[in-house]
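J.: Sequence first, then the predicted structure:
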Amino acid sequence: CNRNNSFWLILIIPFSVIVPPYSVLYQIRTFLLCLFRTLSLWRYTTAPITWLTDALGRPNDVVIDPDNDNVAYLATSRAIDKTIDGGKKWKNIVSKEVSPGKWTHTGISLFGGTVGVAVNPKNSDIIFIGTRDQGGQKSVDGGKSWYNVTQDGKMPNDGCMNNTIIDPIDTDRVYVLNFNGKKGGVVRSIDGGETWKQVLEFDTKLTFASAIVFNPANSKYMYACWEKGLFFSNDGGDNWVDLTLKVKEAGVLATVIVHPTKTNTIYVGGKNGLYVSEDNGGNWKKTDCPYLDIFDIDFMPDNPDIMFICTRSKTSAEGKGIYRSKDGGKNWKQVYNNIGTEARIAIIPKSPYPIYLASNDYAYHDEPCGTGVYRSVDNGNTWDNVSEGLPILRFADICIASQPPYKIFLGGGGAGLFEGIDPLFQTK
């Protein structure tokens, strides 16, 4: 696109062709994806000669306002963005209903994927999402518009915001578990995400940050885990105790959770199974859960003796799926297994407590893969696929708002954020 003293250059590369994994062509394509995810839209101006890059993911078209060179509209695969300052900042202006009455795209389209979603427990219009390539994004209008809360060096060790939680008592306190491939840790905001401070740092050595949670009885008590470590704070993140050696038998860690009523009881899931502490992390033992490689854990809100675990498997269906215990973790039964490589679980905190599973299988971005989203309304006895209309079937995260109508948010790999409302809680 060209007008007066400037023109816009758009680079479109056909990455949708499926090629064999680990082939030479696959590696070349992967390299190009990594290169062009931050070089996807450029603007050239002759006064002075310079190039500006805007990391906006996959663009399809760009149009410049005929009366104002600084105003432009960018069409990506699932959203429309607008700039009024020559491309320095962009704002999503369209939310697309991808499945009428079921799922809606929030308007934010991210190339690298959405990996963490957090909804303000007192105001569900306030949403934070973590991304693999565009830092942290915040919305204050229920996802209609977004702005970056980590750019320009605001967040230490800015990289992938892998997990975000919001203090249920003081919702201006936001905690993020992040990493950039070399360093990672916990960063905290006390002003709703406008400024950030590093409160825990560890050497990730290219491993991933996993989870951060509050103790439901006291939000000053927190646990943060990454693949090779577990940390505990009892003062809102000012100081941390390293519990890594106490849980080393669990292997590579994937998740941590606090029992909703027995709040001294902590569970961690890892490569070697499910481990539990009944004294706030002082001592640990392996549970009787016979299934290895635990990826996610949750409890039924009305009866926390009913637990669910999501296991993970990259090679076969053996041991893979969703398992349920009705006796506080003593005995387990598989209730579903068609979940791809791994899945996240979330439960609506209102009777009949619908359970949602968001599956993920590691394939790259928007390739046609995955098994989608599942729903159960009978404590996990039966499951229905509720993915109709969604343009992708793999999701890195799922989050459910704690207030009616209990919006469900899906973080899609390379496709931004989707939202939906369970049919039982939709208003006519």
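T.: On my side now, so go ahead. Numbers count the residues shown, from 1 in each chain.

J.: what's residue 424 sitting at in phi/psi?
T.: phi -70, psi -20 (degrees, to the nearest 10).

J.: Now do the same contact list for it.
T.: 352, 354, 377 (CB atoms under 8 Å, 6 or more residues apart in numbering). In short, each C-beta sits where N, CA and C put it, glycine included.

J.: Okay, residue 72 and residue 85: tell me how far apart.
T.: Distance from residue 72 to residue 85, counting by CB to CB, to the nearest Å: 10 Å.

J.: more crowded one of those two?
T.: Neighbour comparison, residue 72 and residue 85: the larger count goes to residue 72, with 24 against 10 (by other CB atoms under 10 Å).

J.: all helices for the protein, in order.
T.: 24-36 (DSSP state H).

J.: which secondary element of it has the worst mean pLDDT?
T.: One helix or strand of the chain scores below all others by mean pLDDT, DSSP states H and E: strand 49-53, with a mean of 32.

J.: I'd say residue 145 and residue 139 touch.
T.: Yes: the criterion here is CB atoms under 8 Å, and residue 145 meets it with residue 139 at 6.3 Å.

J.: How much space separates residue 390 from residue 358?
T.: Relative to residue 358, and taking CB to CB, residue 390 is found at 10 Å.

J.: and these two? which has more neighbours close in?
T.: Ranked by neighbour count (other CB under 10 Å), residue 390 and residue 358 place residue 358 first, with 31 against 22.

J.: who touches the more buried one in this structure?
T.: Counting by CB under 8 Å, 6+ apart, residue 358 has contacts 343-346, 373, 395, 397-398, 410.

J.: Check the spacing between it and residue 423 real quick.
T.: Separation of residue 358 from residue 423 (CB to CB): 17 Å.

J.: again, but for residue 247
T.: For residue 247 relative to residue 423 (CB to CB), the value is 40 Å.

J.: More neighbours: which of the two?
T.: residue 247 (21 against 12).

J.: ok, that one - contacts?
T.: Contacts of residue 247 (CB under 8 Å, 6+ apart): 230, 253, 268, 270, 275, 284.

J.: State the pair within the residues you listed that is farthest apart.
T.: 253 and 284 (11.8 Å; CB to CB).

J.: Settle it for me: which of those two has more neighbours?
T.: For the pair residue 253 and residue 284, the greater number of neighbours falls to residue 253 (26 against 20), based on other CB under 10 Å.

J.: which residues does the more buried one bridge with?
T.: residue 270 (DSSP bridges).

J.: Does it touch residue 272 like I think?
T.: No: using CB under 8 Å, residue 253 is not in contact with residue 272; the gap is 9.8 Å.

J.: OK, contacts around residue 84?
T.: So residue 84 contacts 68, 70-71 (CB under 8 Å, 6+ apart).

J.: can you rerun that using 7 Å?
T.: With contact taken as CB atoms under 7 Å, 6 or more residues apart in numbering, residue 84 is in contact with 70-71.

J.: Verify the contact between residue 394 and residue 360 for me.
T.: Yes: between residue 394 and residue 360 there is a contact under CB atoms under 7 Å: 5.0 Å.

J.: Between those two, which has more neighbouring residues?
T.: residue 394 (29 against 26).

J.: Distance check, the more buried one against residue 418.
T.: For residue 394, the distance to residue 418 (CB to CB) stands at 12 Å.

J.: Check residue 219 too.
T.: Counting by CB to CB - residue 219 and residue 418 are separated by 28 Å.

J.: With residue 147 instead?
T.: Residue 147 is 19 Å from residue 418, by CB to CB.

J.: just residue 200 next, same as before
T.: 31 Å.

J.: what about stretch 420-428, average pLDDT?
T.: For stretch 420-428, mean pLDDT is 87.

J.: same check, this time on stretch 392-412
T.: On average, stretch 392-412 scores 86.

J.: Stretch 85-102 now?
T.: Mean predicted confidence for stretch 85-102 is 62.

J.: In terms of neighbours, single out the busier of residue 145 and residue 139.
T.: The neighbour comparison of residue 145 against residue 139 (other CB under 10 Å) goes to residue 139, with 21 against 16.

J.: buried sites along stretch 191-199?
T.: 192-193, 196, 199 (16 or more other CB atoms under 10 Å).

J.: My error: substitute stretch 420-428 in the last question.
T.: Of all the residues in stretch 420-428, those buried under the rule 16+ other CB under 10 Å are 420-422.

J.: Take those residues and keep only those in strands.
T.: residue 420 (DSSP state E).

J.: I'd like the buried residues of stretch 420-428 as TSV, with distance to residue 162 appended.
T.: Converted to TSV, the buried residues of stretch 420-428 look like this (distance: CB to CB, whole Å):
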residue	distance to residue 162
420	23
421	27
422	27
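
J.: from the buried residues of stretch 420-428, which is closest to residue 170?
T.: Closest to residue 170, out of all of these and judged by CB to CB, is residue 421, at 27.6 Å.

J.: Just list the residues touching the closest one, thanks.
T.: 405, 407-408.

J.: Any chance of those in a markdown table with neighbour count as columns?
T.: What follows is these, written out as a markdown table (neighbours: other CB atoms under 10 Å):
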| residue | neighbour count |
| --- | --- |
| 405 | 15 |
| 407 | 22 |
| 408 | 26 |
